[in-house]
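Asks: Provided below for reference: sequence and predicted model.
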Amino acid sequence: MTVRQWVLALSAGEEVERHAAGAHLAALGPAALPALMDALRDDASPVTETALLSALRSIGAPGFEPVLDALQDAVPGSHWRALRVFTRLGTSVLDGYLRALAHDDPFVRRAAVSGIKGCGEDALPVAKRLVPLLGDGNREVRQAAVHAFCSWGAAVVPLLQSVRRNGPGSARGGALECLAEIGGEGAISAPDRAALERLVQIKLLDDLPVPLACCFLSWIAVSTGDQAGVTEMLGLTAAYPVPFSTGVHAADCDSHGGLDDDPHDRYRRVFVTPELAGWTLVVGSWCDPSAAEREADVLDACERLSARYGRAQAYWYGAQNDGSAVLVAERGETLRRLAYIPGDDTQHLDLGIPLAYEQERRTALGLPALTAEHLEVDEDDDEWMWELLEIATKLAGELSLDPLSIDAGTPARGIGLLALTEYGRRLGAPYGALRM
């Protein structure tokens, strides 16, 4: 068999044949690289990235430069095959990755950073070599370096703190972002905290509202400008002022909990807006009226707030057709609660009688009215299903404020606050750098 045939055998149907091909190519060593590169460059090759990667790892360091050449030769938009292989070559090519950090092409520098990150703890001894990339002239390279340092966690905190003290100056901002992600306020020095507080005060001088554009948006709307009273009634603590856009960024970040995270992490913090056209909004996953852990508490909170301020509403909205949930309370009583989340059984959330808005929309769509005895809707009724997907923002626009329509022209009074909930007091403030 030719070398090319051995490479094609990496995709054989029988596992024995695939193993034999891998062993033969490993024995050939660098002599197998030209045929392996032909397969890597061919997006239509039956040889998978995983099979190529296994063969290249068996060859080790000599394979680095050929894969780098294939990466550079790839046409933008169809280079993903070469990129995925390049960034997963492993510790045996660590020296090659380090050389590539100085490459003229930012795409290669970013790929090299990702490759070093993929080496895990084996790369810790050379972490200092990545410090200049925290100040790289290319934004994507800088962000890749931040992600690499964050993946190493507490082990690189002393190095990052040294960068904050001693430079290089271009890397100081990236080092601060890493420290915030890795250890929160506890990893940031007192001078840095003071500098951030000064920056916030400057930003607040001309702060303006922006849309509450979050992938998973939860909020409570209260018909008052009494921000302090709302904060006190909800038991929120450790509140500190932030620019409006920073509060929105915090709410968005907090709502993206991973599968391995504590499910309560997303409930640690909320953004309390300044008064907006007579309403105060509390924004964060903690406000979700449909979450199993929160539904009873959110209902109670809205009833208490509405007893004091007249009206309070809670909403959840998934921006990618994930669904909606609404809760409307007035003068201490819940008038309506409903939710539509595709694939989930939400009938237990139904409370109250249909709102005028619901009936008006059904009339507009040529659908029969809902009644208190028949709130269920036909799952085959596509028009109403699509309506329910966006009912949170549309109903809010009718009853209070559509959070997606808030902008610099929205009447605003006061400043926004980030505050901890009871989860935040128990679990600690969320880690992570926030955009200013």
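Replies: Perfect, I can see it now.
Asks: any weak-confidence spans in the protein?
Replies: The chain contains residues with pLDDT under 70 at 75-78, 185-187, 194-200, 257-262, 372-380, 431-436.
Asks: now the strands for it?
Replies: 216-222, 237-242, 269-272, 275-276, 280-283, 311-318, 323-330, 333-340, 351-352, 412-413, 416-420 (DSSP state E).
Asks: If you count neighbours, what's buried in the fifth one?
Replies: Buried positions in strand 280-283, judged by neighbour count with 16 or more other Cβ atoms under 10 Å: 280-283. Yep, even glycine has a C-beta here, placed from its N, CA and C like the rest.
Asks: Tell me the one among these nearest to D297.
Replies: V282 (12.7 Å; Cβ to Cβ).
Asks: before we move on, back to that, for the buried residues of strand 280-283, give me TSV that also has distance to G310.
Replies: Listed next are the buried residues of strand 280-283 as TSV, based on distance: Cβ to Cβ, whole Å:
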residue	distance to G310
T280	13
L281	16
V282	16
V283	20
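Asks: Which of these sits closest to A51?
Replies: Looking across those and measuring by Cβ to Cβ, the closest to A51 is V283, at 47.6 Å.
Asks: Can you show me the CA trace of stretch 407-416 as PDB?
Replies: Extracted in PDB, the C-alpha atoms of stretch 407-416 (Å, rounded to 0.1, in the frame of the first residue of the first chain):
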ATOM      1  CA  ASP A 407     -33.200  53.600  24.600                       C
ATOM      2  CA  ALA A 408     -31.500  57.000  25.100                       C
ATOM      3  CA  GLY A 409     -34.800  58.700  24.500                       C
ATOM      4  CA  THR A 410     -36.600  56.900  27.400                       C
ATOM      5  CA  PRO A 411     -37.200  59.400  30.300                       C
ATOM      6  CA  ALA A 412     -34.800  58.400  33.100                       C
ATOM      7  CA  ARG A 413     -34.100  59.700  36.500                       C
ATOM      8  CA  GLY A 414     -31.300  58.500  38.900                       C
ATOM      9  CA  ILE A 415     -28.600  55.800  38.400                       C
ATOM     10  CA  GLY A 416     -28.700  52.000  38.000                       C
END
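Asks: For that stretch, what is the distance to the chain centroid?
Replies: Computed by Cα atoms, centre = their mean, to the nearest Å, the chain-centroid distance of stretch 407-416 equals 26 Å.
Asks: and what of stretch 315-324?
Replies: With Cα atoms, centre = their mean, you get 16 Å for stretch 315-324.
Asks: ok, the residue lying closest to P342 once chain neighbours are set aside to L388 distance?
Replies: Leaving aside its chain neighbours, P342 sits nearest to G323 (6.0 Å; criterion: Cβ to Cβ, 6 or more residues apart in numbering). Per Cβ to Cβ, to the nearest Å, G323 is found 8 Å from L388.
Asks: residues shared between the contacts of those two?
Replies: Y340 (Cβ atoms under 8 Å, 6 or more residues apart in numbering).
Asks: if I pick the nearest residue in space to T363 that is not next to it in sequence, what's in contact with it?
Replies: If the residues on either side of it in the chain are set aside, T363 comes closest to A369, at 7.3 Å by Cβ to Cβ, 6+ apart. Contact analysis of A369 by Cβ under 8 Å, 6+ apart lists 354, 359, 362-363.
Asks: my guess is the residue nearest to P342 meets L338, correct?
Replies: No. With contact defined as Cβ atoms under 8 Å, G323 does not reach L338; the gap is 10.9 Å.
Asks: ok, back up a step: report the beta-bridge partner residues of the residue nearest to P342.
Replies: G323 has these beta-bridge partners by DSSP bridges: G318.
Asks: nearest spatial neighbour of P241, skipping sequence neighbours?
Replies: That would be I415: by Cβ to Cβ, 6+ apart, it lies 4.8 Å from P241.
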